[in-house]
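Asker: 3D model of this:
(one chain, ligands or ions: 1)
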Amino acid sequence: MSLVRCDKTEAWSALRAHYESKGRQFDLRTAFAADAGRFDRFSVQAPGVFADLSKNRWDASTRALLTGLAAECGLEARRDAMFAGEPINLTEGRAVLHTALRAPKDAPPLSAATDAAIADVHAVLTPMLTYAEGVRAQAGTQFTDILNIGIGGSDLGPQMAVLALEEFAHPKLRFHFVSNVDGHDIAPVLKRLNPRTTLVIVASKTFTTQETLANANVAREWFTANGGTDVGAHFVGVTTNIQAAAKFGITTTFGFWDWVGGRYSLWSAIGLSLAIAIGADGFEDFLGGANAMDEHFRTAPLAHNLPVQLALVDVWYRNFHGFTSRSVAPYHQGLKRLPAYLQQLEMESNGKCVDVDGHAVPFATSPVVWGEPGTNGQHAYFQMLHQGTDVVPVEFIAVKTPAKGHTGRYADLHAKLLANCLAQSQALMQGKPAAEAAQESPPTASRTIAREVIAEHRSFPGNRPSTTLVLDALTPRTLGALIALYEHRVFCTGALWGINSFDQWGVELGKALCNELLPRFESGATDGLDSSTAGLLTKLIAK
Ligand SMILES: O=P(O)(O)OC[C@H]1O[C@](O)(CO)[C@@H](O)[C@@H]1O
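Answerer: Numbers count the residues shown, from 1 in each chain. Below you'll find the model as predicted:
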């Protein structure tokens, strides 16, 4: 598994030269005018997801150089090592096998480690799906509400997916997600729930996470204080630490394995709330969609491999153009938690400053990933995307067909939604020169300002890049494919940068300091603290 860090390749130097000679001044408008086939040439159809990459600042020569970079870095070998269950998460000495979580039982053999993992997966998946179906069978009677308590990967994935697949969810069940160690999160939820008809899922890979255990304790206390008697029937655990869950008093637990990273765990028992929402068949479809994307990633040549191509554009923008962030704009309300989910996936995976050998990397890694559902973003921060001083590549996600039943009065909304989506990528790219703006008659209120001055305010630089992903419909299968696509893209950028995308040491220091500070909130002791922390502590605990 030889991995060459991107900056140590010949392709990297060639890309530097290419950026200076062509990339820096690349203009999308000129590129489209010169090539009527640009859309076809720069589109990729992967299972469940179509991608239009043509509104990006690249041409065939850029793409060839970038694809050469992937080859020279040894990306394919690295990918194969992941699928084969090699311990590529070196700092934790673990394999990275979330792909095994969605492999069918009879998947063709890949390696002894992967085959064993797939067998283990199905030994848990089958009873978990039976359990989910059992809960669904009692929906509206025994169970009305499902409360998932977890944080990070044990919250963002299930929450995002349950929201996204609302159309497919059991109509007699309501879903709630509590993550923050803040009474303002859990209290309003518990206020609405009846302990007799609530199922609490305590989701934690480690079962040691402060926030989750604190909230689980609050929920159990609420349950017994409000007449709940059978904790075993109303609390279920999903964790790799079955002993800790048992100690908590949980008798039903679905396990998973240390080779499942928290932010890659939605496909494991961590997805129990989703399985209850959409049922065993729906969950199998979700896994199937992801598996189809896995197969695409594993077998498609680099030049036609969607996760690879997206990652290469990311590297081009981050390391050559120097763009610092990427905005995700899903034009589907169901995907409203997708940006938050992607923040963890990408920034926790690739927000690193040393490579796998512990050497400081001399280039930028993870961008800031952020966003909001489409038109809401348009009326908030798109001003900056169109006219701000920073260039922020935007990722539009369009869904062709709305949910069933969105006919009649809702049909018109969908056309407007999609027209907005297309108009934004068009506007970002086209821009509007000041000379053109000067031809327009200025709004009445600005008639006192010189025409050429107001034209400057009303012009758009354009040439702002975007990618548009298209799903035919938002279904368990396409959502599975979309999420797997993002996972593999993050894997590819991490691999090219030569970093370990599968650890998260950066969260540890804050956790340790929190544990040291907590007793001081009782004692008030400030010895050894810097004056800011001491001053703030004193202010926060003052009677
Ligand atoms: O599932 P757990 O073990 O409670 O961890 C929750 C989250 O905490 C983190 O470890 C970060 O602190 C994430 O990687 C993880 O998803």
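Asker: for Asp7, helix, strand, or coil?
Answerer: helix (DSSP: H, G, I helix; E, B strand; the rest coil).
Asker: would stretch 150-161 count as contacting the ligand?
Answerer: Yes - residues of stretch 150-161 contacting the ligand under CB under 6 Å from any ligand atom: Ile151, Gly152, Gly153, Ser154. For the C-beta atoms, the positions are set from N, CA and C on the backbone; glycine is no exception.
Asker: any weak-confidence spans in the protein?
Answerer: 1 (pLDDT under 70).
Asker: show me it divided up by domain.
Answerer: 6-73+301-430+464-503, 118-280, 508-541 (automatic domain parsing).
Asker: all the strands of the stretch 351-500 of the chain, residue numbers only.
Answerer: 368-371, 394-401, 466-473 (DSSP state E, counting those that start in this stretch).
Asker: give me every residue that touches the residue nearest to Pro393 when sequence neighbours are not counted.
Answerer: Of all residues not flanking Pro393 in the chain, Pro465 sits nearest, at 4.8 Å (CB to CB, 6 or more residues apart in numbering). Taking CB atoms under 8 Å, 6 or more residues apart in numbering as the criterion, Pro465 is in contact with Leu28, Lys55, Asn56, Arg57, Tyr317, Val391, Pro393, Val394, Leu428, Met429.
Asker: contacts only, for the first one.
Answerer: Remark: with contacts taken as CB under 8 Å, 6+ apart, Leu28 is in contact with Lys55, Asn56, Arg57, Met429, Gly462, Asn463, Pro465.
Asker: neighbours around Thr401, how many?
Answerer: Thr401 is flanked by 12 other residues according to other CB atoms under 10 Å.
Asker: could you pull up the residues touching it?
Answerer: Asp472, Ala473.
Asker: then the one 10 residues further on?
Answerer: Applying CB under 8 Å, 6+ apart, we find Ala411 in contact with Pro402.
Asker: run the last query once more with 6 Å
Answerer: For Ala411, the contact set (CB atoms under 6 Å, 6 or more residues apart in numbering) is empty.
Asker: on that earlier part again, pull the most distant pair out of the residues of stretch 150-161 next to the ligand.
Answerer: The largest separation in those, counting by CB to CB, is between Ile151 and Gly153 at 8.4 Å.
Asker: compare these two (neighbour count), which wins?
Answerer: Gly153 (25 against 20).
Asker: that one falls within a strand, correct?
Answerer: No - using three-state DSSP, the secondary structure at Gly153 is helix, not a strand.
Asker: between the two ends of stretch 223-233, how far is it?
Answerer: End-to-end distance for stretch 223-233: 12 Å, by CA to CA, to the nearest Å.
Asker: and for Gly377, the neighbour number?
Answerer: There are 21 residues near Gly377, going by other CB under 10 Å.
Asker: surely it touches Pro330?
Answerer: No - assessed by CB atoms under 6 Å, Gly377 is found out of contact with Pro330, at 9.4 Å.
Asker: residue nearest the middle of this structure, spatially speaking?
Answerer: With distances taken as CA atoms, centre = their mean, Leu342 lies nearest the centre of the chain, 2.1 Å away.
Asker: helices along the stretch 201-350 of the chain, start to end?
Answerer: Assignment of helices within the stretch 201-350 of the chain using DSSP state H, counting those that start in this stretch yields the ranges 210-225, 231-234, 242-248, 272-299, 306-315, 338-342, 349-350.
Asker: and for Thr252, nearest residue in space, chain neighbours not counted?
Answerer: That would be Val236: by CB to CB, 6+ apart, it lies 4.7 Å from Thr252.
Asker: correct me, but Gly431 touches Pro461?
Answerer: Yes - in this structure Gly431 lies within contact range of Pro461 using CB under 6 Å: 5.3 Å.
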